[in-house]
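Colleague: need a 3D model of the sequence below.
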Amino acid sequence: MIETFIEIGLFAMLVFTAFAIVKTDRLFAVVMLSGVFSLLSALLFVALDAVDVAFTEAAVGAGISTVLMLGTIALTSRTEKKSSISSPLPFIVVLITGAALVYGTIDMPNFGDPMAPAQQHLAPEFLQGSLEDVEIANVVTTILASYRGYDTLGETAVVFTAGIGVLLLLSGLGRRRKDEDEEDA
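Modeller: Below is the predicted model:
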């Protein structure tokens, strides 16, 4: 029962933080609130017993993303430039996407249901095959390093590529600012 209250409390803080991000004009505050959002997400994942996902969210979402965004702010403007065009299209797209996601989750089994297909077919296979197939006693390590090895490699490649892309963008922006400063002088 207490776990449910903790999860509801964390989710409420996530919603509050999301609204604060949307309403804030100062980019530094937006970046800091985004880091808080990522840490709250990581806490929620820990409460849901998904520690590996929580670790990734904390490292990528709150760690490297915050650092890269702070670096971007250092090279660009500190405040958001308001758009003069207001369109309902983004709101409509979000509503349609949200409705599709809700519709897609209607047939899902309840959280932790022992009769769920993943518990009936995949879990016994992984638990029994872990030691025999890979000869590693830790089932989580077996799943991440062997059964999902290509997936983990792909995730690592995506994060690495994104980091290199952001660094290239920031280095180009820094050179342009330096050239503009020299022209102004």
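
Colleague: from here on, just use CA atoms for contacts and neighbour counts.
Modeller: Will do.

Colleague: what about the helices in the chain?
Modeller: With helices called from DSSP state H, the chain shows them at 2-23, 27-47, 51-56, 65-75, 89-105, 117, 123-129, 139-142, 149-184.

Colleague: need the contact partners of the third one.
Modeller: By that I understand helix 51-56. Applying CA atoms under 8 Å, 6 or more residues apart in numbering, the external contacts of helix 51-56 come out as 41, 42, 43, 44, 45, 46.

Colleague: need those in TSV (columns: pLDDT, neighbour count and distance to residue 77).
Modeller: What follows is these, written out as TSV (pLDDT from 0 to 100; neighbours: other CA atoms under 10 Å; distance: CA to CA, whole Å):
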residue	pLDDT	neighbour count	distance to residue 77
41	92	22	28
42	90	25	29
43	92	22	32
44	91	21	33
45	89	19	34
46	88	16	36
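
Colleague: name the nearest of these relative to residue 59.
Modeller: residue 42 (9.4 Å; CA to CA).

Colleague: verify the contact between that closest one and residue 59 for me.
Modeller: No - checked against CA atoms under 8 Å, the pair residue 42 and residue 59 is beyond contact range at 9.4 Å.

Colleague: least confident secondary structure element in this structure?
Modeller: Of all the helices and strands that make up the chain, helix 149-184 has the lowest average by mean pLDDT, DSSP states H and E, namely a mean of 72.

Colleague: related to what we said a few turns ago, a markdown table please, covering the helices of the chain and showing distance to residue 82.
Modeller: Output for the helices of the chain, formatted as a markdown table (distance: least, CA to CA, whole Å):
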| stretch | distance to residue 82 |
| --- | --- |
| helix 2-23 | 12 |
| helix 27-47 | 12 |
| helix 51-56 | 33 |
| helix 65-75 | 17 |
| helix 89-105 | 16 |
| helix 117 | 48 |
| helix 123-129 | 50 |
| helix 139-142 | 47 |
| helix 149-184 | 22 |
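
Colleague: tell me the most buried of those?
Modeller: helix 27-47 (a mean of 20; mean count of other CA atoms under 10 Å).

Colleague: what helices or strands is that helix leaning on?
Modeller: Contacts defined by 3 or more CA pairs under 8 Å, 6 or more residues apart in numbering; DSSP states H and E place helix 27-47 against helix 2-23, helix 51-56, helix 65-75.
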